[in-house]
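**Q** All I have is the shape, not the residue letters:
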């Protein structure tokens, strides 16, 4: 089963400095049919104005993955971490017992991110933060694991969840396949840009696809496409 969730159907809010679209219920947006997808709880499509951002705030017991689509995000937290993550790269906050952090766009232009929250399979752990570059040419034509709590994914940023976050870039006409891990898995795929067919379902830029019960997906790009996929365990 693949359910297309068009970008225009998403919830959202415009705060002036922040324009946000919500694939799942978040803040003032509530849709009982879009509360989560497996262990995936939040997927926000955020555009942040220059010189602005999220002031210091706290989280606990959540894996927060930020995929930077354009510009850069600068992170600071009460653990002493300070870092800048640029377009195409990823940062992870494992909130654990609690972390207070800020995320600012200190760039001259807008910054666009996917903010992805996954419910952890481990609780009560010390909070942690990390960022890592992922050159786009390394994921040309195939999926690359960006963040993962699965065994064997040592090259990815670690998360404390039974889930993977993957990225791929496809030229027009290229095809990439992904096979889900064994078990009752939930996939959610969003095109950062481009247009592509996913097992016969056509997606436009920034559309989402909720995937369940599919052993393998084949993505065929009809134009140059960049995409992000989450493969997560069933929520228990």
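**A** Cool, the structure landed. Just so it is clear, the structure is predicted and the values come from calculations on it, not from any experiment.

**Q** pLDDT below threshold where in the protein?
**A** Along the chain, the parts satisfying pLDDT under 70 run over 236.

**Q** 80 instead, please
**A** Filtered on pLDDT under 80, the chain yields the residue ranges 135-137, 235-236.

**Q** Closest to the centroid, which residue in it?
**A** In the chain, the centroid-proximal residue (CA atoms, centre = their mean) is residue 116; its distance is 4.1 Å.

**Q** That one contacts residue 36, correct?
**A** No: the criterion here is CB atoms under 8 Å, and residue 116 misses it with residue 36 at 11.9 Å. For every residue, glycine as well, the C-beta is placed using N, CA and C.

**Q** Now do the host helix or strand of the residue nearest to the centre of the chain: which elements does it pack against?
**A** Residue 116 is part of strand 111-118 when elements are defined by DSSP states H and E. On a contact count with 3 or more CB pairs under 8 Å, 6 or more residues apart in numbering; DSSP states H and E, strand 111-118 meets strand 40-48, strand 63-70, strand 72-77, strand 163-170, strand 225-233.

**Q** okay if I get the ones you listed as TSV plus mean neighbour count and distance to residue 147?
**A** Output for the helices and strands packed on strand 111-118, formatted as TSV (neighbours: other CB atoms under 10 Å; distance: least, CB to CB, whole Å):
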stretch	mean neighbour count	distance to residue 147
strand 40-48	22	12
strand 63-70	22	5
strand 72-77	19	15
strand 163-170	24	4
strand 225-233	24	9
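
**Q** Kindly reformat the ones you listed as a markdown table containing distance to residue 7.
**A** A markdown table is the format used below for the helices and strands packed on strand 111-118 (distance: least, CB to CB, whole Å):
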| stretch | distance to residue 7 |
| --- | --- |
| strand 40-48 | 8 |
| strand 63-70 | 13 |
| strand 72-77 | 21 |
| strand 163-170 | 19 |
| strand 225-233 | 14 |
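
**Q** Tell me which of those strands sits nearest to residue 182.
**A** Smallest distance to residue 182 across the helices and strands packed on strand 111-118 (CB to CB): 10.8 Å, for strand 225-233.

**Q** re earlier: the residue nearest to the centre of the chain pairs with what?
**A** residue 43, residue 65 (DSSP bridges).
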